[in-house]
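Enquirer: Can you look at this prediction? I've put the sequence above it.
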Amino acid sequence: MARCPNGHEQRLGLKCSTCGASISYETSVNELRRLPKVEPDYGKVSILTVGCPRLPLRADYVGEVKAGQEDLKTSTLYQVGSIRGGSWLEFQKKYLADLRRWMTLIGIGQSTDRFLVVDTTSPLSVLALSALPKFDRTAVIAIAADQDSTPMEQNTSYVALSLALKRGFPIVGMSETFEKEMLYYTEDRGFAAGIDAMSRLFEPFIATPDDLMDLLERDAKLGVRMHSLSAIVAGSKNVYGIATNAFMAQSNNISIASKSDEYRTVHSLVFSQKETQGEFEKSFGVFRSRKYKAALSAELRFREVDSPLYDLMTLYGMPNVTALQSMAVGYETILESAPDLAAEGVS
């Protein structure tokens, strides 16, 4: 809308109806040339899944990298055409530069926190971990090969995890067997298995990522970037009794098992009603001193929720080599016939 020199808006005419000053339409047209500044809100949490179905989680952005019949790109999907018999190296060579451009275009680095949920047995895992820009507050949730995986899966997983560690990403890992056998029951949803169970497991982390990211970054300063976890979802006093029992029970099913004296850090996150905080804090101290007294760092984080049921998650920081041991034999077996599939040199 045109204005006179005194700032009065005027729809049509040569003189301002308010003060009588002449109206310059040339000045008004010049003002229209100034485009408004675009400042999109990328939100707080971005999640990108690789080689596994998109998780039904509430986040500001949820995207997916997967293989399909043909190449396809949208704002939430990067699909590569299948390469028959293709290894991780072939996908890496063909798509790395293009996937990096796509990640830049979707603004993966603009949100506050980023989670890459990746099946490291997938040949797309090395590709995605190479393409992902190195930002702070970025965590990798990895499904890892184990002794029941094929040698090719073990080779791919070994290379993917080695790459993630080399690039400095903190990892929360779970074995392929642990992921397949995961089963949770909640009163409002019934039984959840597979991807639904994984989504339920990580819901509290995604809803309040500050605690998780802070703990992972603190561990990184101690040289600990690889973690396993255990959890109780929708627990109750009727089932577990005192909180110490719950801590002990969940520690019997750890996503990447190791000897208790090998864990370098132990951190628990509790989501429960406010009046239970003191009991959980005291029980965590008992739990740590009984099973993980040698841990370099141990901490409990408590988040208040309204539900009478609680979620309890514990992270166990471990030496990097421990997570790779179960897949080392398969990795080396593949190198005997395909030396190009070595972890060295991948970046």
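Expert: Great, that's in hand.

Enquirer: Nearest residue to the middle of this protein?
Expert: Computing the C-alpha centroid of the chain and ranking residues by CA atoms, centre = their mean puts residue 115 first, at 2.2 Å.

Enquirer: tell me which element it falls in.
Expert: In this structure, residue 115 is located in strand 113-119 according to DSSP states H and E.

Enquirer: counting contacts, what elements does that strand pack onto?
Expert: Secondary structure elements in contact with strand 113-119, counted by 3 or more CB pairs under 8 Å, 6 or more residues apart in numbering; DSSP states H and E, are strand 45-50, helix 124-131, strand 138-144, helix 194-207, helix 209-221. The C-beta positions use only the backbone N, C-alpha and C, and glycine is treated the same way.

Enquirer: mind listing what that strand pairs with, with the direction of each?
Expert: For strand 113-119, the paired strands and their directions (DSSP bridges) are strand 45-50 (parallel), strand 138-144 (parallel).

Enquirer: how about the CA coordinates for the helix or strand following the shortest one, as PDB?
Expert: Moving toward the C-terminus from strand 45-50, the first helix or strand encountered (DSSP H and E) is strand 61-68. Below are the C-alpha coordinates for strand 61-68, written out as PDB (Å, rounded to 0.1, in the frame of the first residue of the first chain):
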ATOM      1  CA  TYR A  61      11.000 -34.200  11.400                       C
ATOM      2  CA  VAL A  62      11.000 -37.900  10.600                       C
ATOM      3  CA  GLY A  63      12.700 -39.000   7.400                       C
ATOM      4  CA  GLU A  64      13.800 -42.300   5.900                       C
ATOM      5  CA  VAL A  65      16.700 -43.600   3.800                       C
ATOM      6  CA  LYS A  66      15.800 -46.900   2.100                       C
ATOM      7  CA  ALA A  67      16.200 -49.100  -1.000                       C
ATOM      8  CA  GLY A  68      13.400 -49.600  -3.500                       C
END
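
Enquirer: and the angle for strand 61-68 with helix 194-207?
Expert: Between the direction of strand 61-68 and that of helix 194-207, the angle (axes from the mean of the first three to the mean of the last three CA atoms, to 10 degrees) works out to 150 degrees.

Enquirer: gap between strand 61-68 and the chain center?
Expert: On the basis of CA atoms, centre = their mean, to the nearest Å, the separation between the geometric centre of strand 61-68 and that of its chain is 14 Å.

Enquirer: Check stretch 219-231 too.
Expert: Centre to centre, stretch against its chain (CA atoms, centre = their mean), the figure for stretch 219-231 is 14 Å.

Enquirer: Show the end-to-end separation of that stretch, please.
Expert: For stretch 219-231, the separation between the terminal residues is 19 Å (CA to CA, to the nearest Å).

Enquirer: Give the buried residues for that stretch.
Expert: Judged by neighbour count using 16 or more other CB atoms under 10 Å, the buried positions of stretch 219-231 are 219, 224, 225, 226, 227, 228, 229, 230, 231.

Enquirer: who are the neighbours in contact with the residue nearest to the third one when sequence neighbours are not counted?
Expert: If you skip the residues right next to it in sequence, residue 225 has residue 170 as its closest partner in space, 5.1 Å away by CB to CB, 6 or more residues apart in numbering. For residue 170, the contacting residues are 139, 140, 216, 217, 219, 220, 225, 227, taking CB atoms under 8 Å, 6 or more residues apart in numbering as the criterion.

Enquirer: just to revisit the earlier point, report the contact partners of the residue nearest to the centre of the chain.
Expert: For residue 115, the contacting residues are 45, 46, 47, 48, 138, 139, 140, 141, 202, 206, 209, taking CB under 8 Å, 6+ apart as the criterion.

Enquirer: Helix or strand, whichever it is, which one in the protein has the lowest mean pLDDT?
Expert: Of all the helices and strands that make up the chain, helix 25-32 has the lowest average by mean pLDDT, DSSP states H and E, namely a mean of 64.

Enquirer: averaging pLDDT over each of the helices and strands packed on strand 113-119, which comes out lowest?
Expert: In terms of mean pLDDT, the lowest-scoring of the helices and strands packed on strand 113-119 is helix 194-207 (a mean of 86).

Enquirer: elements contacting that helix?
Expert: strand 113-119, helix 176-181, strand 183-186, strand 226-235, strand 265-272, strand 310-318.

Enquirer: phi, psi of residue 90?
Expert: The phi and psi torsions at residue 90 (degrees, to the nearest 10) take the values phi -70, psi -40.

Enquirer: pLDDT value on it, please?
Expert: You'll see residue 90 listed with a pLDDT of 95.

Enquirer: From residue 96, how far off is it?
Expert: Distance, residue 90 to residue 96, by CB to CB, to the nearest Å: 11 Å.

Enquirer: again with residue 236
Expert: From residue 236 over to residue 96 the distance is 48 Å, taken as CB to CB.

Enquirer: same check, this time on residue 191
Expert: Distance from residue 191 to residue 96, by CB to CB: 40 Å.

Enquirer: Out of those two, name the residue with the larger neighbour count.
Expert: Residue environment comparison for residue 191 versus residue 96 gives the larger neighbour count to residue 96, 15 against 10, counting by other CB atoms under 10 Å.

Enquirer: list the contacts for that one?
Expert: For residue 96, the contacting residues are 127, 130, 131, by CB under 8 Å, 6+ apart.

Enquirer: Need the phi and psi values for it.
Expert: Phi and psi for residue 96, reported as degrees, to the nearest 10, are phi -60, psi -50.

Enquirer: Can you report how many residues neighbour residue 70?
Expert: One way to gauge burial is a neighbour count; for residue 70, by other CB under 10 Å, it gives 8.
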